[in-house]
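> What shape does this take:
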Amino acid sequence: MEIEKLVEIGNEIRNAVSSYIKSNVDYGEMIAQRPRDITRKMDMAAEYALDDALKKRGLSARIISEELGDRIVGKKPEFMLVFDPVDGSTNATCGIPFFCTSLAYTEKTDLATFEDISMAVICDILGNTYCAQLGKGAFLNEKRIAAKKPGARPKPVISVYSYGVPEVPPGLIELEKSIIVRALGSIALDMCYVADGTLDGVIDTRGLLSGYDIIASALILKEVKGSLTDLTGKPMVSDVKATGLSIIGTVNKELHDRIVKTLSPRSIFNIKKMSL
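Model (predicted):
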């Protein structure tokens, strides 16, 4: 498949979600609930839109998705898609226009990791389209992303997700003394914002992320020479079906190293020792 076709499919799904939301007042209604996820009517509209987009093009694929899990469309899969139908669904139900659909592509149809993803498309509800091809750069609305924005910032602006779990890493509290914190509500879009320079970084310490949440935006970040790692600084090399992930994503290596160091238990031990 060519990147242009994947972009077409992503745009069709985004348009289907937008139309469904406009036509159905109950678009945010829950139809299934799992320990870490909720399926809403608009999620299923996106799932069906992907199936329709593949079928009308005569394409067969294995799909790993948030709502329907692992399935086959067509008779003999030619590739695999890792799919998040609506990332930021709580924003959608609140009327906050910050959510997207996320597609990652690999030619592998059996076992695949983050490293095997060769194309990615993320379409937000406002009509913006991020895409990337392995080794060929990342683009926003067909313009190459430079990962730089004009203007100086007094502190790094970082999207931080640490809520809803029993414990917050002590190092995160220390780090937040020297950064500006945002949590925009769509981890995939947050990572795209890091890639294009809108944000300086993204951190999620909750251990709640799955591969479909971040795998497309991981390639977009990679193609602007950014880094996506776990909290210890190890690169993401997980299976595409991985769950229970925590992440640090930046373009600036010095900032990335600083975050890893501050979050390490040893760093907090030294801070506490100095304060005694």
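> C-alpha from now on. contacts and neighbour counts both.
Will do.
> show me where pLDDT drops low in the stretch 1-150 of the chain?
Across the stretch 1-150 of the chain, residues meeting the criterion (pLDDT under 70) sit at 33-37, 147-150.
> Show me the helices in it, by range?
Ranges of helices in the stretch 1-150 of the chain, per DSSP state H, counting those that start in this stretch, are 3-23, 41-56, 89-94.
> Under a three-state scheme, what state does Ile203 occupy?
Look at Ile203: counting by DSSP: H, G, I helix; E, B strand; the rest coil, its state is strand.
> Wait, it touches Ile158, no?
Yes. Using C-alpha atoms under 8 Å, Ile203 makes contact with Ile158 at a distance of 7.3 Å.
> any idea where the helices of the stretch 151-276 of the chain begin and end?
Under DSSP H, counting those that start in this stretch, the stretch 151-276 of the chain gives helices at 170-175, 187-195, 211-222, 253-263, 265-275.
> State the mean pLDDT of the longest one.
Per-residue pLDDT over helix 211-222 has a mean of 96.
> go on, the last one?
Helix 265-275 shows a mean pLDDT of 49.
> if we can go back for a sec, nearest approach to Glu8 belongs to which of the helices of the stretch 151-276 of the chain?
Nearest to Glu8, of all those, is helix 211-222, at 15.6 Å by C-alpha to C-alpha.
> how big is the angle separating the closest one from helix 187-195?
Calculated by axes from the mean of the first three to the mean of the last three C-alpha atoms, to 10 degrees, helix 211-222 forms an angle of 10 degrees with helix 187-195.
> and helix 211-222, how far out from the chain's middle?
5 Å (C-alpha atoms, centre = their mean, to the nearest Å).
> And stretch 18-30, by the same measure?
The answer for stretch 18-30 is 23 Å, by C-alpha atoms, centre = their mean.
> Can you name the residues in contact with it?
Residues outside stretch 18-30 that contact it (C-alpha atoms under 8 Å, 6 or more residues apart in numbering) are 38-42, 45, 89, 92-93, 125.
> rewinding a little: as JSON lines, the helices of the stretch 151-276 of the chain with mean neighbour count would be great.
Output for the helices of the stretch 151-276 of the chain, formatted as JSON lines (neighbours: other C-alpha atoms under 10 Å):
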{"stretch": "helix 170-175", "mean neighbour count": "16"}
{"stretch": "helix 187-195", "mean neighbour count": "27"}
{"stretch": "helix 211-222", "mean neighbour count": "28"}
{"stretch": "helix 253-263", "mean neighbour count": "17"}
{"stretch": "helix 265-275", "mean neighbour count": "12"}
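> right, and those - which one's nearest Phe114?
Nearest of the helices of the stretch 151-276 of the chain to Phe114, taken as C-alpha to C-alpha: helix 211-222 at 6.4 Å.
> Packing partners of that closest one?
strand 79-87, strand 100-106, strand 119-124, strand 129-133, strand 137-140, helix 187-195, strand 227-229 (3 or more C-alpha pairs under 8 Å, 6 or more residues apart in numbering; DSSP states H and E).
> Which stretch among the helices of the stretch 1-150 of the chain approaches Leu263 most closely?
Nearest of the helices of the stretch 1-150 of the chain to Leu263, taken as C-alpha to C-alpha: helix 89-94 at 28.1 Å.
> Which neighbouring elements make contact with that closest one?
Helix 89-94 packs on no helix or strand, going by 3+ C-alpha pairs under 8 Å, 6+ apart.
> Tell me the confidence at the closest residue to Leu221 other than its chain neighbours?
Using C-alpha to C-alpha, 6 or more residues apart in numbering and skipping the chain neighbours, the partner closest in space to Leu221 is Ala195 (5.0 Å). At Ala195, the model reports a pLDDT of 96.
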